[in-house]
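K.L.:
3D, please:
(chains A and B)
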Amino acid sequence: MSEWLVHPGLVLVLGAFALPWLHGGARSAAVLALPLAALVCLWQLPEGARWQTAWLGYELAPLSVDKLSRLFATIFALMACGGGLFALRQTSRLEIPAAYVYAGSAIGVALAGDLVTVFVFWELMAVGSTLVLWSAGTKTAWAASRRYVMIHLLGGVVLFAGVTGHLLDAGDAAFVRMAPDSVAHWLILIGFLINAGAPPLSAWLPDAYPEASWSGTVFLSAFTTKTAVYVLLRGFPGTEFLVWIGLFMVFYGIVYALLENDMRRILAYSIVNQVGFMIAGIGIGTEMALNGAAAHAFTHIVYKALLLMSAGAVLAATGRRKCSELGGLFHSMPLTTICGTIGALAISSFPLTSGFVSKSMVTQAAIDGHLTWVWLALAAASAGVFLHAGIKFPWFVFFQKDSGLRPGDPPASMRWAMIAFAFLCIALGVWPEPLYRLLPYAVDYVPYTAAHVLTQLQLLLFSGLAFFAMLPWLKRTPTLTLDVDWLWRRPLPALARAAARNFGRLRDGAAVRAGSLAGRVSAGLRRHREPDGLFLRSWPTGGMALWTMTMLLAWLVLYYLP
Amino acid sequence: MNLAAHLPALQVVLPLAAAPLAVLLRGRGAAFMLVTLAAWAAFAVSILLWLQVNASGPISYALGSWAPPWGIEYRVDSLSALLLMLVCGIAAVVLPYARASIERELRQDVHYLFYAMFALCLAGLAGIAITGDAFNLFVFLEISSLSSYVLIALGRDRRALVAAYQYLIMGTIGATFIVVGVGLLYLKTGTLNLADMGVRLQEMTSHRPVLAALAFLTVGISLKLALFPLHQWLPNAYAYAPSAVSAFLAATATKVSVYALLRFYFSVFGETAVFKRLPMEDLMLILALAGMFVASAVAIFQHDLKRLFAYSSVAQVGYIVLGISFDSVTGLTATIAHLVNHAVTKGGLFLLLGAVMAGMGGTTLARVHGIGRVMPLTAFGIVLCGLGLIGVPGTAGFVSKWYLILAALEKGQWWLVFLIVASSLLAVAYVWRFVEAAYFHAPRADLAAVREAPAGLAIPAWTLVGATIWFGLDTSVTVGSAARAAAMLLGTGAP
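P.N.:
Numbering: from 1, shown residues only, chains lettered A, B, ... in the order given. Here you go, the predicted structure:
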């Protein structure tokens, strides 16, 4: 360590612990200052590995900067700032500190130069995001957070096993480009993909995110999936199999979002859809595609946060989430309507919005790579995005039939957060140059050519027509949509209960008494909760001695056998 | 007379002599001073021995100048030096704590007996680790066991008597098995010196008495080290003993038994043809896995924190034995490192539970509701140690699990890696039960005014909590010594 440098991620993580002790104006100032301080620290850092330390014989670089990591760390810090501003009036005192731990560790992942650091911040992120979910304080949020944390711990376990294997194989902890050529690398890839919301576990995302508070979802939407995109960009660029994963996610998101009635679940599914675009770009793997995936992650964070802010403002004002119960809010919430619409235009890649300048790079890369089918699928999906997020969300929430609700626009802190992000959406669309300069590779792409603009406008026009032509079928009824998460919410627990019942029946028979060890163990497990369960009760001394004799006999027999 | 040459004898004599002196002195203050000084001196001696072993190899000390194999040999090598340092170090930390703790938990007129028994227990445990003589090992085992029965029976809870009685019966069965095993070996080899025994056994091929001796020793020691399913004496013994005793025994007693197992397996039987042909590794693997999962699962459903963490100890013994079952340098490194790491973590945890006992009047989960608010430091310390049990990076528990995973990978056993990590998730579940009670419930109305633990309890406890973190970051002492000891046991490196 030649010079003293501050880790921007740790600024947020450690700063978060100071927040609960602050009140009033000091707290508001700290909430806004922390992410900005992290941003300043970040841009003070020169490129290259800045901290180096040895651990268990491996060289670690917990702070190392290059263009790609700076890009992601920048948007994470910006997002923390915008989210913090939006959440200033949140009554839960846990949410912002948790969100800052979450954001700080996302920055930590982005700046990690080795896999061990990635893993540590990865787990910290899981903790932070679970706390954000909890702080909503509702029963459903509590249940959702438990399912959420289980999936992420599972992902962490898989990732950890992979990292360990990689260290053994490579003898080096550096986080470099890998290929899925060994068990270890496959495990790392799977661990990354679980956080990205890839199939078959995509359902954790729309299951959990909509249960957070009106401001919590804004934070949640940004970090977990996008750090996954970042690590995939760095670790597995050009892995062809990711193209198909990405395309699957794109269409999965569209179909479920079209079927969905809850406005925030629509937007959650649309996160899966958008991350699908990025992962497909990573799979294509050309410089243009990787640039596109990185840029799309950047712009996506901004407009998805904006969309969820407008949804959050509606939720905070009305307490309703279902499209079928909302509508006509533009009368009394003009600013929210405008901002929500700008977000919707951006996600649909309308020209002059941020989505246009980033997503088109991915589709262009598909054309350049002569991946005709991929390009067709992406183009079709772009139309689908416009259908589900671009029109459906604003139409059913702000326009459509008049629900008779007349809530006002949200308080100033929330308004300013929305305005700032709406401005970013437009600004990035009109002046893409600063963003392009941040990208990891040199950009040789002009978004505003007549062909690009015309193609996109045609696409949007026809899908818009399709939406209104099919409006009667798209009208949402208050229904539920089944997804994979149903599997671990209903049948799995039911199966466990049924198994427990059956083992119980077995236990009643005398057969088990002489029966297999497995039967006894399961019966014992069934009775766990009772104080006299097999392994739970204190054993009589005779029973213990009997076990000892059994063991001795077993050993003696086994020793004499060979 | 050169004192440095007699350090191995001093290691045992200091605490052994302190015990009767403490009884003679009678005064609890004087007894405390004496035993504490003896323990600190023993700790200093163990550090000197460790340094000496590191610098110039193993030390052989002939008691009374009777040369081995006829006389009793004290032998300090890299494994025993580490164990001695662990045992004496924990004793040195626990004794100052015990003074503040037994003031609250024991009648004043038995305090001097407590100190005397503690000194005996320490002498016994240190003796096991230092002796190179099989029968001497048995004697020290009995000294430490008998004194620990008394220490457990001192517990304020009336169930402590039953727990101590059960431990007495089981411990005696275990000791009997061990002495039967040692006797059989003596019959076959005509020597009691462990190293000598190992040499003579090499010349024999399959002899049934040797196999029987191995079986008796294995089961006897497995009982003492609480290997599943011979662990049932442990939870009650730890739960109802006085807090300081729980902490000392949890940190050292089972660990020293593991040491005895390692000694017999690798120093005595290691090179014999008999040993190589037995399915010992598979058996150990199965029992270790069963212990890891069953005991962790049982821990999740406990209502008393002391019992909860006692079951967690059984699970952690599973990890330790798992390392032995790999029969590789990395596996043994994991075992020995986990020995130390778990001792430090669990010792700190039980010391903190003693502080909880002092503050909240009990350690049931229902009673510690909201302890995060009334005793924030203590609660935070328990969480830190809990993270160590889970094996979160940055804590000592992670380092040893790491080596365990490396050992599994060396054998190409991916499924074991998953099992190791999955059992850590069970640890998350039982630690979570404490977190939920401590931070997500309001304290009971009558306990809302409880204050943070006094310094006499907090400082020793936090010393071990600090060590848990320290050994997670700086592994030169633990893993370094463990790697040397493992290489020595397997005969692949310098002793």
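
K.L.:
and the contacts of stretch A:424-440?
P.N.:
Contacts to stretch A:424-440, defined as Cβ atoms under 8 Å, 6 or more residues apart in numbering or on different chains, come from residues A:66-68, A:70-71, A:74, A:233, A:290-291, A:294-295, A:298-299, A:302-303, A:306, A:342-343, A:345-346, A:350-358, A:443, A:445, A:447. Using the backbone N, CA and C atoms, a C-beta is placed for each residue, glycine as well.

K.L.:
following the helix or strand where A:S360 lies, which helix or strand shows up next?
P.N.:
Applying DSSP states H and E as the criterion places A:S360 in helix A:354-368. Proceeding N to C from helix A:354-368, the next assigned helix or strand is helix A:372-385, under DSSP H and E.

K.L.:
helices or strands up against that following helix?
P.N.:
Using 3 or more Cβ pairs under 8 Å, 6 or more residues apart in numbering or on different chains; DSSP states H and E as the contact criterion, the secondary-structure elements in contact with helix A:372-385 are helix A:241-259, helix A:263-284, helix A:354-368, helix A:450-469.

K.L.:
and that helix, average pLDDT?
P.N.:
For helix A:372-385, mean pLDDT is 85.

K.L.:
and it, how far out from the chain middle?
P.N.:
When C-alpha coordinates are averaged (Cα atoms, centre = their mean, to the nearest Å), helix A:372-385 and its chain have centres 23 Å apart.

K.L.:
among the contacts of stretch A:424-440, name the ones in strands.
P.N.:
Using DSSP state E, no member of those sits in strands.

K.L.:
what about A:S215, neighbour count?
P.N.:
One way to gauge burial is a neighbour count; for A:S215, by other Cβ atoms under 10 Å in any protein chain shown, it gives 31.

K.L.:
could you pull up phi and psi at the nearest residue to it once chain neighbours are set aside?
P.N.:
In space, not counting the residues next to it along the chain, A:S215 is nearest to A:A87; the distance is 3.6 Å by Cβ to Cβ, 6 or more residues apart in numbering or on different chains. Backbone torsions of A:A87, given as degrees, to the nearest 10, read phi -90, psi 10.

K.L.:
A:A87 contacts A:E95, correct?
P.N.:
Yes. Because the distance of 6.2 Å satisfies Cβ atoms under 8 Å, A:A87 is recorded as touching A:E95.

K.L.:
any weak-confidence spans in the chain?
P.N.:
No chain in the question, so chain A it is. A:1-4, A:474-484, A:486-490, A:493, A:496-539, A:562 (pLDDT under 70).

K.L.:
wrong one, chain B
P.N.:
Counting by pLDDT under 70, the ranges of chain B that qualify are B:1, B:205-206, B:271-277, B:492-495.

K.L.:
flag every buried residue along the helix or strand hosting B:A429.
P.N.:
Element membership for B:A429 (DSSP H and E) is helix B:414-439. Of the residues in helix B:414-439, those scored as buried under the neighbour-count criterion (16 or more other Cβ atoms under 10 Å in any protein chain shown) are B:416-421, B:423-424, B:426-428, B:430-431, B:433-434, B:437-439.

K.L.:
for it, name the packing helices and strands.
P.N.:
Of the remaining helices and strands, those touching helix B:414-439 by 3+ Cβ pairs under 8 Å, 6+ apart are helix A:139-170, helix B:296-300, helix B:305-326, helix B:371-374, helix B:376-390, helix B:396-410.

K.L.:
C-terminal to it, what's the next element?
P.N.:
Next along the chain from helix B:414-439, counting by DSSP H and E, comes helix B:455-473.

K.L.:
off-centre distance for that following helix?
P.N.:
Remark: helix B:455-473 is offset 17 Å from the chain centroid, using Cα atoms, centre = their mean.

K.L.:
can you tell me what sits against it?
P.N.:
Applying Cβ under 8 Å, 6+ apart, the contact partners of helix B:455-473 are A:55, B:90, B:93-94, B:96-97, B:99-101, B:340-341, B:344-345, B:347-348, B:351-352, B:354-355, B:358, B:377-378, B:381, B:384-385, B:388, B:393-399, B:452-453, B:477-478.

K.L.:
put the buried members of the residues you listed into a ChimeraX selection.
P.N.:
When burial is assessed using 16+ other Cβ under 10 Å, the buried subset of these is captured in ChimeraX by this command:
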select /A:55 /B:90,93,94,96,97,99,100,101,340,341,344,345,347,348,351,352,354,355,358,378,381,384,385,388,393,394,395,396,397,398,399,453,477,478
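
K.L.:
and the closest residue to A:Y269 other than its chain neighbours, what does it touch?
P.N.:
Counting by Cβ to Cβ, 6+ apart, the nearest residue to A:Y269 once its immediate chain neighbours are dropped is A:A257, at 3.9 Å. When contacts are counted by Cβ under 8 Å, 6+ apart, A:A257 is found next to A:R265, A:I266, A:L267, A:Y269, A:S270, A:N273, A:H388, A:A389, A:K392.

K.L.:
so which of those residues comes closest to B:L122?
P.N.:
Using Cβ to Cβ, A:R265 is the member of those that lies nearest B:L122, at 62.7 Å.

K.L.:
show me the helices in the stretch 301-450 of chain A, by range?
P.N.:
Per DSSP state H, counting those that start in this stretch, the stretch 301-450 of chain A has helices spanning A:334-347, A:354-368, A:372-385, A:393-398, A:412-430, A:433-438, A:450-469. These are given in chain order.
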